[in-house]
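Novice: got a predicted model here, sequence first, then my questions.
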Amino acid sequence: MTYAGEFMFDLMKSKQALTEEVAEFVQEIVVDKVKEIEETDEFPWYMAEHFFKRGYLTLLVPKKYGGFGGSITDFCTVVEEVSKYSASLGLLIIVHTTGILPIVLFGNEKQKKVFLEDISHNHHLIGFALTEPKAGSDIGSAQTVAKNNGRSHTLNGKKAFVTNGGVSHLYSTFAKTNPRRGKRGLTTFIVPADADGLIVGKKDDKIGMRGIPSTSLSFKNVEVPNTNIIGRKGQGFLIAMETLNRSRPAVAAQSVGIAEAALELAVLFAMKRRQFGKPIAKLEGMQFILADMAASVEAARSLVYKAAYYLDSNHDNATKLSAMSKFFCSDMAMKVTIDAVQVFGGYGCLKSRPLERLMRDAKITQIYEGTNQIQRFVSAEQIIKEHLKTYDRYFRKELEEMEWE
């Protein structure tokens, strides 16, 4: 039997080498550019090129297609370490990988060879176009449609909040091939960015994750060959859910990275800042805040890598832990960054200090890749299913004999 402590020890030991490699790379390449990315809000093409060369933008692409050939655990490890210094660059890795996943999971051999090798060798970015102006959490309400023309489909509609919009070469796009079936009528298409009729909207002016654009995408009679359909027609909802199951722990890892940075800054500031004749780190009330922050980060990190391990192992409870990691860690990051600002006092509210950026970035993690309310719903549904199995196996008699009124 492997105990939880042994599991975490083995996991952290196995990911240590990658963590150290990413940390060294971040110090060498990323750190000095973070402020520039934040202030200009321009997409950092040079950074994307560095990430491609390191394999960080092909983490889940199999090696035979030119990728890194890594695991969900590797994915989370890289995102966490990068996000300590730049959550925006962590998002670049997340959203690009999210766009790749439908091909990796459901593409046929020819599609994998064409699209994945193009991404790996030509360093082409890919976006994920699912959300619409009237369809976010309720993706069954999507209004983008794809009409069958025989050998191709014509797409019409509009997508919203497409991260990497305008800089991607390809988009994993979800449209209804059978609108009457709701979410069961969704189909996944790979749409080239230069397709006739595909119009990129104005870049959204976001409160956080600066430098990584999100835009709308309008589809006006965009013709896509049937060879670009991923999986089967009507399988789009399943493809989206299986994709997001694997990307949500990375958002959780991003949240942990943000919180780690906030915690480190808060501790260092508390050790240097003196009030009442001593460092505020020596004040009991401040120590309680720092202890709670540190415990929250440790607990969240454990949940991230347990979820990643379950996904890598195809465990039955992977969906539950994926959803849990996303809402727990992003809520934790929001609280920890707010607490860190409190530790800094007035200094925490200055734009010249990194804490206000961390707090703005943390807020967005609670929303994208599925709002935290939806993640709680997903977790609860999975918990109920699990306990019904236990009920059938062990407690049927006891529960039937209970008085419920």
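Specialist: Thanks, I have the structure now.
Novice: please count neighbours and contacts with C-alpha atoms only from this point.
Specialist: OK.
Novice: give the next helix or strand downstream of the lengthiest helix in the chain.
Specialist: Longest helix in the chain by number of residues (criterion: DSSP state H): helix 236-272. Using DSSP states H and E, the helix or strand that follows helix 236-272 towards the C-terminus is strand 274-275.
Novice: what pairs with that next one, parallel or antiparallel?
Specialist: Strand pairing for strand 274-275, using DSSP bridges, gives strand 278-279 (antiparallel).
Novice: against which helices or strands is the following helix or strand past the strand it pairs with packed?
Specialist: Counting by DSSP H and E, the next helix or strand C-terminal to strand 278-279 is helix 284-312. Helix 284-312 makes packing contacts with helix 4-25, helix 72-83, helix 236-272, helix 318-344 when contacts are defined by 3 or more C-alpha pairs under 8 Å, 6 or more residues apart in numbering; DSSP states H and E.
Novice: circling back: let me know the average pLDDT across the longest helix of the chain.
Specialist: Per-residue pLDDT values across helix 236-272 average out to 97.
Novice: go on, stretch 195-213?
Specialist: The pLDDT scores in stretch 195-213 average 97.
Novice: tell me which element residue 53 is part of?
Specialist: Per DSSP H and E: helix 45-54 holds residue 53.
Novice: can you tell me the SS state at residue 143?
Specialist: Recorded secondary structure, residue 143: coil (DSSP: H, G, I helix; E, B strand; the rest coil).
Novice: could you check the pLDDT of the nearest residue to it once chain neighbours are set aside?
Specialist: Sequence neighbours aside, residue 157 is the residue nearest to residue 143 in space, at 6.3 Å (criterion: C-alpha to C-alpha, 6 or more residues apart in numbering). Residue 157 carries a pLDDT score of 97 in this model.
Novice: gap between the closest residue to residue 366 other than its chain neighbours and residue 369?
Specialist: Spatial nearest neighbour of residue 366, chain neighbours left out: residue 330 (5.2 Å); criterion: C-alpha to C-alpha, 6+ apart. Residue 330 is 11 Å from residue 369, where distance means C-alpha to C-alpha, to the nearest Å.
Novice: more crowded one of those two?
Specialist: Just comparing residue 330 and residue 369: by other C-alpha atoms under 10 Å the higher neighbour count belongs to residue 330, 28 against 25.
Novice: pretty sure residue 57 sits against residue 91.
Specialist: No - Residue 57 lies out of contact with residue 91 (C-alpha atoms under 8 Å); the separation is 11.0 Å.
Novice: contacts only, for the most centrally placed residue in the chain.
Specialist: Closest to where the C-alpha atoms of the chain average out (C-alpha atoms, centre = their mean) is residue 251, at 3.4 Å. Shown in contact with residue 251 (C-alpha atoms under 8 Å, 6 or more residues apart in numbering): 91, 94, 326, 330, 365, 369.
Novice: going by distance to residue 164, which of the residues you listed wins?
Specialist: Closest approach to residue 164 among the contacts of residue 251 (C-alpha to C-alpha): residue 91, at 9.6 Å.
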